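For reference, the sequence and a predicted model appear below.
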Amino acid sequence: MVAYSSMLLLLSLICFAHGLALHEKETTREMKKMDLLLAGPSTHPDHPDHVEILNDEDVADRSNEEDINQATGIAEYLNGGDMMMTQKQENEVITGKNRQGNAITNTRQFWSKAADGSPTVYYERDASFQDTNGILDAAIKEFTEYTCIKWVPRTNQRAYVTFFHGSGCYSSVGMTGRGQKISLQANNARGYGCMHVGVAVHEMIHAIGMFHEQSRVDRDQYVTINKANIVAGLAYNFDIMKNTVAPVEYDYDSIMHYGKTAFSRERGLITIEVKKQGITIGQRSGMSTLNKKGINIMYNCESAPTVAPVATTVAPVNPNPNPGPVANTIAVKIDDPILCPAFFNANLCSTLCLIRTICPGECVNNAENKDGRCTGWAESSRKYCVQTKYVGYMWRNCKAACLKQHPC
């Protein structure tokens, strides 16, 4: 009996010690994330550790966020190697229910529209931020030319982005509602660093609410993750983001896709193997065609590609009579059995008219009020149909009232 009790005590102590170790590791990670948030400019952009992994001919090829962050040692303190996510976001997209996508679903983390109706990101440059080559202006130009997102210099807005030369390349995901940072490590004399247009665009797309392409739930249909080739302790950077949606189909050419050797434990080892021959991944030249479409769809832009109208069994209330030419359609199947339930569960039917067109079965058909109080709730000044706390219940139980109150 004594021996048995001693064994239980020993096991309990081992478990307790293990728990403390895990807690300490997680606490250290959270503290490091806080250090990064509070960090000032990088004072050692030319440190030998930043360039010793490179040969002269491939400095440009290795100037991407995952390689730089791995070399500078900050990748292990970030999600996906370059994302500064809140604990709530981690809980939602890493441990949440499966949804197929690479973009946030919480519209409260979308950037708000300005007076002209354009979703607007207000930004400022840290006092030490140097951009003699106009890298940031060129990155902003991509958003201006190809999306409805505007980046506007901040005056006194509460939610805004500060660009600074930190250690590595990273960003928050979506709007945090307060000041947030995008770190673009200054390039050294050999051009190695984050001050490249493609890298800047990549981090800015994180800031408007998108994750990495290879983090989609359906990624295993398109790529194979070779976990044995990943640096020990960094495999979590390949976690699938579950509680997200995908506005467009899988995009090998996405500027948000890792390269084939991302976080490899040895130079040249392939960590992401594509399942289609002749495909290159990891480009940082600029937004792909699908990147542009996805951003516009995500933010419900008027300039977003439209989908041809589809006959439904129950007509939508006040439908859009001119959904746009068929020539500009996107490759999304109407009433897709995987995407549409995900869109509905993410409450996108409530705010995105394009989603109602793509998914009439989920968003429009069989509209009814299952509660006698639906009309009153929908017409209330509290706007229950679009209020985050109630939107899910309202669109499941008061769809008819919500469609009438919030027509397209």
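Perfect, thanks for sending it. Numbering: from 1, shown residues only.

from here on, contacts and neighbour counts on C-alpha atoms
OK.

So, low pLDDT: which residues of the stretch 1-150 of the chain?
Filtered on pLDDT under 70, the stretch 1-150 of the chain yields the residue ranges 1-63, 85-106.

mind listing the helices for the stretch 151-300 of the chain?
197-207, 289-298 (DSSP state H, counting those that start in this stretch).

mean pLDDT for the ones you listed: which is lowest?
Here the helices of the stretch 151-300 of the chain differ in mean pLDDT, and the lowest is helix 289-298 at a mean of 92.

just to revisit the earlier point, nearest approach to Ile355 belongs to which of the helices of the stretch 151-300 of the chain?
Between Ile355 and these, the tightest spacing by C-alpha to C-alpha is seen for helix 289-298, at 8.6 Å.

which intervals of the stretch 151-300 of the chain have sub-threshold pLDDT?
For the stretch 151-300 of the chain, the stretches flagged by pLDDT under 70 are 243-245.

Quick check: Ile135 touching Val197?
Yes: in terms of C-alpha atoms under 8 Å, Ile135 counts as a neighbour of Val197; the distance is 5.4 Å.

still on that earlier bit, dump the helices of the stretch 151-300 of the chain to JSON lines, plus mean neighbour count.
Shown next, in JSON lines, are those (neighbours: other C-alpha atoms under 10 Å):
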{"stretch": "helix 197-207", "mean neighbour count": "25"}
{"stretch": "helix 289-298", "mean neighbour count": "21"}
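
Of all these, which one is nearest Gly278?
helix 289-298 (18.7 Å).

Mind giving me the packing neighbours of the helix or strand just after that closest one?
If you walk from helix 289-298 toward the C-terminus, the next helix or strand you reach (DSSP states H and E) is helix 339-345. Applying 3 or more C-alpha pairs under 8 Å, 6 or more residues apart in numbering; DSSP states H and E, one finds that helix 339-345 contacts helix 360-363.

distance of the residue nearest to the spatial centre of the chain from His202?
By C-alpha atoms, centre = their mean, the mean C-alpha position of the chain lies nearest to Met210, the distance being 2.1 Å. Distance, Met210 to His202, by C-alpha to C-alpha, to the nearest Å: 9 Å.

same deal with Pro360?
Taken as C-alpha to C-alpha, the span from Pro360 to His202 is 33 Å.

One more: Tyr250?
From Tyr250 to His202 the distance is 17 Å (C-alpha to C-alpha).

How about Glu266?
Taking C-alpha to C-alpha, one finds Glu266 at 25 Å from His202.

Likewise for Gln180?
Distance from Gln180 to His202, by C-alpha to C-alpha: 16 Å.

so Val391 touches Ala378, yeah?
No: Val391 is not in contact with Ala378 according to C-alpha under 8 Å; the separation is 10.2 Å.
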